[in-house]
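1. sequence unknown, structure follows:
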């Protein structure tokens, strides 16, 4: 399926500049989300994609050095574990005592061989922890079903104000940015525009969502080109039972069908323009 997702990315890139603003009859796909297993008795955790609700983008590595905690169109899986910092395994004292949730982005680039998400200051987090610590997080479910990912209370460096009082600080993303602010608090100065709601999804739902994004793009493109033989593609797009592979194959087939239609009647004397 990795190759399929790459094909989906290529399809989206190939047609993104041609999607008309007026093609509103197709609703963009909606990502299915799940409740992460937040049991703290050793049975919790799992592998997820983490989705930023406001920007409709996924947690990934990017921006500075390609290892800054960021959001983007294509996400990287997170392995979620509950426990302590691994400093004692290295013969060191933890930077933060106690326990919390640890986010490992195993597919992200790293020079250290480790992949924990960690803090270096209030404005930046990274996905390639070495011995820096500050890798523990709290996850709080909200009334609307979303989640906030927060600095643990025992992290006295990043969860305190200048007076030493505890402040709720959490992951946020400001409009127009792709960098995650790891200690955002909308009530503090400089973070008023940070959106702090997140959700979790599985590998299966992520792949299906990406495939449907590709088919959505192709349906809009077909509509723009006046191609009307789309009923079977629409049915698959609306189906609750379609697999990611089926949807992606349909997106590729629809693109080919539109190109075939555009090429009808082309001759050396009467060529067709496929520049777009």
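-> Looks like it came in fine. In this text, all values refer to a predicted model and were calculated from it rather than measured experimentally.
2. Only C-alpha atoms from now on, for both contacts and neighbour counts.
-> Will do.
3. which SS state does the one residue sitting closest to the centre of the chain fall under?
-> Most central in the chain under Cα atoms, centre = their mean is residue 58, positioned 1.0 Å from the mean C-alpha point. Here residue 58 is recorded as strand under DSSP: H, G, I helix; E, B strand; the rest coil.
4. Quick check: beta-bridge partners of it?
-> As for beta bridges, residue 58 partners with residue 51, residue 72 under DSSP bridges.
5. Isn't it up against residue 69?
-> No - using Cα atoms under 8 Å, residue 58 is not in contact with residue 69, being 10.6 Å away.
6. Next, work out how far apart the residue nearest to residue 186 when sequence neighbours are not counted and residue 185 are.
-> Closest residue to residue 186 apart from its sequence neighbours, by Cα to Cα, 6 or more residues apart in numbering: residue 192 at 4.5 Å. Separation of residue 192 from residue 185 (Cα to Cα, to the nearest Å): 8 Å.
7. Same question for residue 240.
-> 38 Å.
8. So residue 192 and residue 185 - more neighbours on which side?
-> The residue with more neighbours, out of residue 192 and residue 185, is residue 185; 22 against 12, by other Cα atoms under 10 Å.
9. who touches that one in this structure?
-> Residues near residue 185 by Cα atoms under 8 Å, 6 or more residues apart in numbering: 168-170, 191-192, 194.
10. List only buried entries from these.
-> Taking 16 or more other Cα atoms under 10 Å as the criterion, what is buried in the contacts of residue 185 is 168-170, 191, 194.
11. Which ones among these lie within helices?
-> Using DSSP state H, no member of the buried ones among the contacts of residue 185 falls in helices.
12. pLDDT of stretch 156-170, averaged?
-> What stretch 156-170 shows for mean pLDDT is 92.
13. So which bits of it are buried?
-> 156, 158-160, 166-170.
14. likewise stretch 102-118?
-> Going by 16+ other Cα under 10 Å, stretch 102-118 has these buried residues: 102-106, 108-110, 114-118.
15. which residues touch it?
-> 60-61, 66-67, 69, 76-83, 125-130, 132-137.
16. Now restrict these to buried residues only.
-> Neighbour counting with 16+ other Cα under 10 Å marks 60-61, 67, 69, 76-82, 125-129, 133-137 as buried within the contacts of stretch 102-118.
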